[in-house]
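Chemist: A structural model of the following input is requested.
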Amino acid sequence: MNNAFISGLCNRVFKRLQNIRMPNQPAVEKIMWPFNYDDQGVARNSPRISEQEARFVFASEVENNIRNSHYTVEEPTQRRFKFGRTINDLAVDDGRSASHDLALYANNRKLYVEFKALNPKVFCYAKDLLKLFYSNDNGLFFHILKTADKGTVKSVGGKYNDSLNKVRKILGKGELVTGYVWIYVCNLNKEDAGALYSFDRNNKESWIIDTDDQKLLSLI
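Modeler: As a prediction, the model looks like this:
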């Protein structure tokens, strides 16, 4: 698995996510965004965006368009983690086994995948990135945004960097398993608005995202 394989797969999934409609709209994909409801139970004309739709579409893309591939869902991690409730609680080789959202088996390699939607707290970024960096196989963090402006991009980029810095500190100076972790972030509200970042596990000083980078700004 290389940048071209990851980029092609992520871009295809992104385009299919943009084709998802709500139940009151003409269907394009089999899966739909569910309604949000107000306090009276009345459907709002806005979808609820979550990481679950991304996982279903990703799995469908694997089934239909990647030959000789298989996948598991909620595959247990090979290492133990302690998460707690804040980014400062994170630790490795302590606690218990966690799980990866999806594990793709293809081309005699394994790819662990974590899905994220919208812009949650930094802890949500950090715990999933820690699982990906501290594993025995390559990893992908697939992140969907409902929309994005300059403030969103700055916030997301800052949370990535805070998370990567925390993961770097936790994993220390020791050598990690050779391989890569990719971050793919996309804006559902804009065509071709997907940005892919590749991180070499054993080049920890490169674990940073420039919040003024054109790839990130292209999400706006």
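Chemist: for Tyr105, phi and psi?
Modeler: Tyr105 adopts backbone torsions of phi -110, psi 110, taken as degrees, to the nearest 10.
Chemist: count the residues that sit near Pro120.
Modeler: Applying the criterion other C-beta atoms under 10 Å, we find 11 residues in the vicinity of Pro120. All C-beta spots, glycine's among them, are computed from the backbone N, C-alpha and C.
Chemist: so what touches the strand ranked longest in the chain?
Modeler: Under DSSP state E, the strand in the chain containing the largest number of residues is strand 70-82. Identification of contacts with strand 70-82 by C-beta atoms under 8 Å, 6 or more residues apart in numbering yields 55, 59, 62, 89-106, 112, 127, 130-131, 134-136.
Chemist: one more: stretch 186-199?
Modeler: Here stretch 186-199 has contacts from 3, 6-7, 10-11, 14, 17-18, 49, 133, 143-148, 164, 180-185, 206-207, 209, 213, 215-216, 218-220, using C-beta under 8 Å, 6+ apart.
Chemist: now list the buried members of these.
Modeler: 6, 10, 14, 17-18, 49, 133, 143-146, 148, 164, 180-185, 207, 209, 216, 219 (16 or more other C-beta atoms under 10 Å).
Chemist: inside helices: which ones of these?
Modeler: Judged by DSSP state H, the subset of the buried ones among the contacts of stretch 186-199 located in helices is 6, 10, 14, 17-18, 133, 164, 216.
Chemist: name the helices or strands packed onto the helix or strand bottoming out on mean pLDDT in the chain?
Modeler: Considering only helices and strands, the least confidently modelled element of the chain by mean pLDDT, DSSP states H and E is strand 43-47, at a mean of 88. Counting contacts by 3 or more C-beta pairs under 8 Å, 6 or more residues apart in numbering; DSSP states H and E, the secondary-structure elements packed against strand 43-47 are strand 35-37.
Chemist: and stretch 199-211, how far from the chain's centre?
Modeler: Averaged C-alpha coordinates place stretch 199-211 at 16 Å from its chain's average position (C-alpha atoms, centre = their mean, to the nearest Å).
Chemist: any idea how far apart the tips of it sit?
Modeler: The first and last residues of stretch 199-211 sit 16 Å apart, counting by C-alpha to C-alpha, to the nearest Å.
Chemist: stretch 62-74 now?
Modeler: Between the opening and closing residues of stretch 62-74 lies a distance of 16 Å (C-alpha to C-alpha).
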